[in-house]
Structure formats: structure tokens, C-alpha cells
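*Asks:* Fold the following.
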Amino acid sequence: MVPLRRLAVAVAVLVLAAAPAAAAPLQDPAPPAPQPAVPVPPLMDPPIEWQHSIAVGLPFAGRLVGGVQLPAEGRDFFTYDWGTRQIPNRGWRRWGTDRLVHTLLDVLASYRAAHPGAPRVGIADLSRRHGGRFGRNFGGLGHSSHQNGLDADVLYPRVDGAEKRAWRPGLVDRALAQDLVDRFVAAGAVYVFTGPSLHLRGPHKVVVALVHHDDHLHVRVR
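*Replies:* So this is what the prediction gives:
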């Protein structure tokens, strides 16, 4: 016969083995990962101090008199700095003739009216306040032109709708990019330089494919 004491111990072991494990203490769920902030366009365009401007000399050897400063952002655009690779562009890189600034604002307003669901368009460098040299020492690849307030860099719209630079051709929304090119041509642009990988179309000797322009188009007005 099994002694009663040993029997009691065996029963106790079986009971403990069959008992469910103690429930783990409840914990608060992990907080959700932070989401990137979505830019909120201003309800109204910032005021601009308009004045008559004079483009002196040539785009690659000139200066700017009576320049107009493009705001850091507006309802239809944001600005991008080639030197820092950040948004917005610094103020001293956002000067152009009154004609150039009017053209940019008019074209982008009509573009956004035609594509109300599209993101704002990025505008990068124009000229320095008084024009003049704008080379590599000012950041990025620099500019051989952009010296007399007639030139502006415009970022291509992205396929993902992000308000960022399309740093490779596969990120460019080519249909919207072509629409932008068409609108600048219709607005009287002298040149629209585009990236050779994008195959954007336009009038011969006005829309010109040029290296280093697969991430932005370059607009020149009269």
C-alpha cells in the first residue's frame, strides 16, 4: 500500500500541474508610431511687395534691379532650398523680376485649379536679391544662370503626392509634369529646360532636355 503521506504529495503535484498558468499582468498597448506631419497650406497667400524690376545683362552674366521676393510658401506652392536640401528655401535665394514672380504665381494657380487634388508645386531657386553670381559656393550644384531675375527652378510633381523633391525620375508624375511644361510655354516662357530621362514634350528650341534636370524643370521668362 502507498503511504497516505506519499499519496497526498502526489495528488498535490498533479493538481498544481493541471492548474492554468497565472495570467500575465495587463499592459497598456504600445503607442502608435508618430506619423509625418502633413503640410497645411496657408488659407491666403502672404503679401508681396511688388515693384517694377529690371533684368540687367544676361541670365548668366547680369544683375537684378528692383527685385521682388517670392514668399516662402503660398496656397499653390512651397519652396525648396538646393543648398540645404530643406523646405522652405532661404529668403535671399527667392528674388526675381516682377514678371517672373507673376508668371510663377499665375501658372501654378491655373495648374492647381485644373488639378484640385494635386499637391502644391515646389519652387526652388530664383536669384539673389541683387542678382549676380550664383555658383557652387552658394550650395548645391550652383547655377551658371539665375543672375538677373529671369530664371526659376520648379520641382516636378511626385507620383505619391508628397510635397518633396522627386530625387529620381521614377518618382515624377509625368502627366502632371507635362501639364506644367505646357502651361509655362503658354505663359510665354523663353526656355523650359527638362530632364533627359523624362521625355517631356514642347515646342522645338523652347522645351529643351538638359542634364541635371531630371528632378526639376528650369523656367526662363523674358
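
*Asks:* Give me the most central residue, the chain.
*Replies:* Geometric centre of the chain, nearest residue: Lys164, 2.8 Å, by C-alpha atoms, centre = their mean.

*Asks:* residues near the closest residue to that one other than its chain neighbours, how many?
*Replies:* What sits nearest to Lys164 in space, not counting adjacent residues and going by C-beta to C-beta, 6 or more residues apart in numbering, is Arg158, at 6.5 Å. Just so you know, the C-beta spots here come from the backbone N, C-alpha and C atoms, and that holds for glycine as well. Look at Arg158: counted by other C-beta atoms under 10 Å, it has 19 neighbours.

*Asks:* Same question for the one 4 residues further on.
*Replies:* Here the neighbour count serves as a burial measure; for Ala162 (other C-beta under 10 Å) it reads 14.

*Asks:* gap between the closest residue to it other than its chain neighbours and Thr103?
*Replies:* The spatially closest residue to Ala162, leaving aside those adjacent along the chain, is Pro119, at 7.0 Å (C-beta to C-beta, 6+ apart). As for Pro119, its distance to Thr103 is 20 Å (criterion: C-beta to C-beta, to the nearest Å).

*Asks:* hang on, the earlier thing: correct me if wrong, but the residue nearest to Ala162 is in a strand.
*Replies:* No - counting by DSSP: H, G, I helix; E, B strand; the rest coil, Pro119 is not part of a strand but coil.

*Asks:* measure it to Pro157 for me?
*Replies:* Pro119 is 7 Å from Pro157, by C-beta to C-beta.

*Asks:* Now do the helices for the chain: every range, in order, please.
*Replies:* 4-18, 98-114, 174-186 (DSSP state H).

*Asks:* And the strands in this structure, which stretches?
*Replies:* In the chain, the segments counted as strands under DSSP state E are 54-58, 61-65, 68-69, 77-79, 95-96, 121-123, 151-155, 191-194, 207-209, 216-220.
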